[in-house]
Structure formats: C-alpha cells, structure tokens
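Novice: got a sequence here, can you model it:
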Amino acid sequence: MISSSDIKIAIVGLGYVGLPLAVAFSSNYSVLGFDINRERISQLTDNIDATKEIDQEDLIAAVSNNRLSLNHDLSAIKDANVFIVTVPTPIDRFKKPNLTPLIQASEMLGSVLKKGDVVIYESTVYPGCTEEECVPVLERHSDLVFNQDFFVGYSPERINPGDRVNTLTKIKKVTSGSTPKTAEFVDNLYASIIDAGTHKAPSIKVAEASKAIENAQRDVNISFVNELALIFDKMNIDTNDVIEAAGTKWNFLKFKPGLVGGHCIGVDPYYLAHKAQVLGYHPEVILSGRKVNDNMGMFIANKVVKLLINKGNNVKNSKALILGVTFKENCPDIRNSRVIDIYTELQQFGVAVSVYDPHANKSEVFREYGIDLLETIDDTFDAIILAVGHSEFLQLDFGMLKQDESSVIFDTKAFLDRKIIDARL
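Specialist: Numbering: from 1, shown residues only. The predicted structure follows:
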C-alpha cells in the first residue's frame, strides 16, 4: 500500500462533508479539494464557506500553508493517489435512490485512476452499492482491475450540519476496505485526524449498513412520537407534556415530534428499503415510519387551517408567515426540507404564504423550491408557523406580527413561550 509519506489526497465534492474533511486532512497531508461547481470553488478561494461548516480563519490557514488547494479542473487531481468521494446521494421523486452524482464521480475518477491508487467512498448508500455499482464503473473507465491494480474503501460520513460541538474529528469514524491491507490503510488514514478514534468494520457492506441503520433507527423513533402527536391531538393532550412526564423514567428515550427532512434521516431509510425490496423483502417498520414522517407537514398545515376557522378567520386569501425553511435550526442547509409540505398544503387552501429565514440562501431556495424568501418581515399575518428553531426567532415580537387577536401562532418545535402560542406539535 501507499506509504504515509507519499499520500496525496483528493477530496471529490466540497460540500458539508467534503470541505471539513479536506481541511482536517490538510493538517497532515497534501490535499486537493475538487468540485465541479465553479461558483463553490470561487467562493472557497475567496475564503467564503456558504455551508458555514468551516470558520473563515481555519479555511484561510489551510490554504495559506500550501497543504490545501482548490480546483474545478479534473486534471488537477490526476497526481493524487487517495481519492475520497463525498458527493450527495439523494432520492428521486419516486423515493428511489438517485445514484447519478455517485456514478458520475466514479466515471471521472476512473479516467484518472492509476495502479496502486485507493478510492474511498463516504457517500451514504445501501449495503453492497460500493462494490456492486461503483467499482464496475471505476474498472470500466480506468481499464484497471479491482483489488489488483486499485483498491477501494468505505467510511460513512457522520457530519451533523450546524453542530459546532460534535464536529468531524470528535465523532468516531467507521472504516473499511476491499482487502485486509486496504482496510488497515484506510483505518490508519482516518485515525491520523480523528481524535475520537476509529472502528474498523469487517467489510465494506457492514460499514455501508451501519450508516444506513443509524439514520433509519432515528427515523423510526421520531415516527413513533409523530404518530403519538397525531393521536394526542385528537385527545387535546400536549405531546411534549406527555414526553416530559414519561421522560422521568431512566430508560425512556425522549425523542420529539417534528418535521423530518435533511440529507440523512429523511433519505437514508429509502436506500435501505430499496435494497431490501430488491432482495424480495418488504420492510414494514421502516416504510411505515417514513409514511408517518412524510405526512407531518400536511398535518401541521391542516391543524393551522382548523385553528384559523375556530378563531373566525376566512381561510381563503388569509396571510400566513412560515418562519424557517432550512431542514434544521441555525444552519443554511435546505436539502430535503419538509417545510415545503406546509407551504404547499396551505397554498392549496388558498392561503397567501410568505417564508422568512435568515440562514437560508435566497436564490438557492427559489431555485430548489420556487419560494421567494422575504428579505425582512414588514407585514402582519393571520397565521404564523414556527417551522425551524433558529435562535434569531426568539428575538421576534410575535405580537407585532399578528394581524389581530384572531391571528394564530403554531409552534412545530415546542420552541416558543407557551403563553404566546395557540398550539404546538
């Protein structure tokens, strides 16, 4: 395998996962950060990280010490011998795995792959995907033989966007390789930057599966409390009060109800379910949990409409303000945001819906969801829905946002003072 002194790393994809990885590795190795998005490279060259995962000072330091370079030209990475793939793995409109970014990245790497090189995938996939889908593409485009001329590893990403405590180096890293020597190489490589240590899985499939069930487990647990919220709503019981009471027992898990979006929890279970169905098994629990969670936006919108009616409002042509569109608090990530479900459902009732989010990129939101974000809040509204718990929203004067006393405030995150809201999830 490659000696530590000869390691030259290329990170393919400089998003929420790739950029922190590139900066971390640059403390020990020569790193080339590659992304096909020229605008992203231009921003990073100007020391601007739109994802807000890396502090400007850290980015400047990484580039200025000549250990990290940034480029959108594929030829720039041809001299690397370790390629780490961190491209997104979304789902399509039929909720099936969309491997297009992963396959395209593999095709590009195949064109520059050399004998002795190692390719490590971090993108979340279903068990078997790396060896069954990616490796044949690498072989076909490189004319090299797997596990003879080149080798493959898999180390699932564990980045939590917006989390400034549980950062890359503080989270234990699962590693794996296509041969015992490759597995050892990959494990040592990550161990050199991960303070929390590593866990070497016995196979690539095991490592892939570990990532899939991390998020599927959380998804199922949230779906349980979301279903409880649907039940308790019919009983006029506050779900969060019930959870607080039940949480006094030491072994009760205090999951909270809410929207389940983002690039992991709302997506990864579909990857696991897809593989199970290909093998002839229909995963009842995983898919039933997904169904509950995917319908929460519709439930929230309908609840708001009922509250408006109960307060004597005409729903059609009423004005609603949604606070937050990112998939989680204090983070600019809008991938797979389920806030769009609330927005769409309210529009179908004839409600004029405005959205405000100080963290989201205005043009990106418009491009992805067709929503023109408010620059500032200069109006009053019949309904106000707190959809994301951004810390800035605690500073808002909700009384000034209300059209009148018949206005409705709904809190999806149990985030606001209960004295000012009409209902919460």
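
Novice: for this protein, what's the longest helix?
Specialist: For the chain, the helix reaching the highest residue count under DSSP state H is reported as helix 204-234.

Novice: can I get the least confident helix or strand in the chain by mean pLDDT in CSV, CA atoms only?
Specialist: Lowest on mean pLDDT, DSSP states H and E among the helices and strands of the chain sits helix 56-64, with a mean of 87. In CSV, the C-alpha atoms belonging to helix 56-64 read as follows (Å, rounded to 0.1, in the frame of the first residue of the first chain):
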residue,chain,number,x,y,z
GLN,A,56,-13.0,31.5,7.8
GLU,A,57,-9.8,31.6,9.9
ASP,A,58,-9.5,27.8,9.6
LEU,A,59,-10.1,27.9,5.8
ILE,A,60,-7.5,30.7,5.3
ALA,A,61,-5.0,28.8,7.4
ALA,A,62,-5.5,25.5,5.5
VAL,A,63,-5.0,27.2,2.1
SER,A,64,-2.2,29.5,3.1
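
Novice: packing partners of that helix?
Specialist: Under the contact criterion of 3 or more CB pairs under 8 Å, 6 or more residues apart in numbering; DSSP states H and E, the helices and strands touching helix 56-64 comprise helix 18-25, strand 68-71. In this view, the C-beta of every residue, glycine as well, is placed from N, C-alpha and C.

Novice: from residue 48, how far off is residue 22?
Specialist: 15 Å (CB to CB, to the nearest Å).

Novice: which one of these two has more residues nearby?
Specialist: Between residue 22 and residue 48, counting by other CB atoms under 10 Å, residue 22 is the more crowded of the two (29 against 12).

Novice: need the contact list for the more buried one.
Specialist: Taking CB atoms under 8 Å, 6 or more residues apart in numbering as the definition of contact, the neighbours of residue 22 are 9, 11, 14, 31, 33, 62, 68.

Novice: okay, it and residue 85: tell me how far apart.
Specialist: Residue 22 sits at a distance of 13 Å from residue 85 (criterion: CB to CB).

Novice: cool, residue 167 as well?
Specialist: Counting by CB to CB, the gap from residue 167 to residue 85 is 21 Å.

Novice: once you drop chain neighbours, what's closest to the residue nearest the centre of the chain?
Specialist: To find the centre residue of the chain, average its C-alpha atoms and take the closest one (CA atoms, centre = their mean): that gives residue 263, at 2.9 Å. Spatial nearest neighbour of residue 263, chain neighbours left out: residue 335 (4.5 Å); criterion: CB to CB, 6 or more residues apart in numbering.

Novice: quick check, distance from stretch 103-110 to the centre of its chain.
Specialist: With CA atoms, centre = their mean, to the nearest Å as the basis, stretch 103-110 stands 22 Å off its chain's centre.

Novice: okay, it in CSV with CA atoms only?
Specialist: Presented in CSV, the C-alpha positions along stretch 103-110 are these (Å, rounded to 0.1, in the frame of the first residue of the first chain):
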residue,chain,number,x,y,z
ILE,A,103,-21.8,7.2,-10.7
GLN,A,104,-20.6,10.4,-12.4
ALA,A,105,-17.9,10.9,-9.7
SER,A,106,-16.8,7.3,-10.3
GLU,A,107,-16.6,7.8,-14.0
MET,A,108,-14.5,10.9,-13.6
LEU,A,109,-12.2,9.1,-11.1
GLY,A,110,-11.9,6.1,-13.5
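
Novice: can you point out the buried residues in that stretch?
Specialist: Taking 16 or more other CB atoms under 10 Å as the basis for neighbour counts, the residues of stretch 103-110 that come out buried are 105, 106, 108, 109, 110.

Novice: can you check stretch 216-225 too?
Specialist: By neighbour count on 16+ other CB under 10 Å, the buried set for stretch 216-225 is 216, 218, 219, 220, 222, 223, 225.

Novice: ok so, going back, which one of residue 167 and residue 85 has more residues nearby?
Specialist: More neighbours surround residue 85 than the other of residue 167 and residue 85, with 25 against 16 (other CB under 10 Å).

Novice: tell me the contacts of that one?
Specialist: 12, 13, 102, 105, 106, 109, 119, 120, 121, 122, 123.

Novice: residue ranges for the strands of the stretch 51-200 of the chain, please.
Specialist: Using DSSP state E, counting those that start in this stretch, the strands of the stretch 51-200 of the chain run over 68-71, 82-85, 118-121, 151-154, 173-175, 198-200.

Novice: roughly how far out does the fourth one sit from the chain middle?
Specialist: Using CA atoms, centre = their mean, we find the averaged C-alpha position of strand 151-154 to lie 23 Å away from the chain's own average C-alpha position.

Novice: could you find the closest non-adjacent residue to residue 74?
Specialist: Distance criterion CB to CB, 6+ apart; nearest residue to residue 74, sequence neighbours excluded, is residue 108 at 5.7 Å.

Novice: if you could redo that for residue 230, that was the one I meant.
Specialist: Across the structure, with CB to CB, 6+ apart as the measure, the residue nearest residue 230 apart from its sequence neighbours is residue 299 (6.4 Å).

Novice: same check on residue 276?
Specialist: Sequence neighbours aside, residue 283 is the residue nearest to residue 276 in space, at 4.7 Å (criterion: CB to CB, 6+ apart).

Novice: please apply the same query to residue 160.
Specialist: In space, not counting the residues next to it along the chain, residue 160 is nearest to residue 166; the distance is 5.5 Å by CB to CB, 6+ apart.

Novice: so what's the one you found scoring on pLDDT?
Specialist: The model reports residue 166 with a pLDDT of 89.

Novice: any idea how far it lies from residue 172?
Specialist: Where residue 172 is concerned, residue 166 sits at a distance of 11 Å (CB to CB).

Novice: now do residue 391
Specialist: Here the criterion is CB to CB. By it, residue 391 lies 28 Å from residue 172.

Novice: ok, now which ones touch the residue nearest to the centre of the chain?
Specialist: 16, 88, 90, 161, 327, 333, 335, 336.

Novice: picking up where we left off before, turn the contacts of residue 85 into JSON lines, including pLDDT.
Specialist: Compiled in JSON lines, the contacts of residue 85 are given as follows (pLDDT from 0 to 100):
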{"residue": "12", "pLDDT": "97"}
{"residue": "13", "pLDDT": "96"}
{"residue": "102", "pLDDT": "97"}
{"residue": "105", "pLDDT": "97"}
{"residue": "106", "pLDDT": "98"}
{"residue": "109", "pLDDT": "97"}
{"residue": "119", "pLDDT": "98"}
{"residue": "120", "pLDDT": "98"}
{"residue": "121", "pLDDT": "98"}
{"residue": "122", "pLDDT": "97"}
{"residue": "123", "pLDDT": "96"}
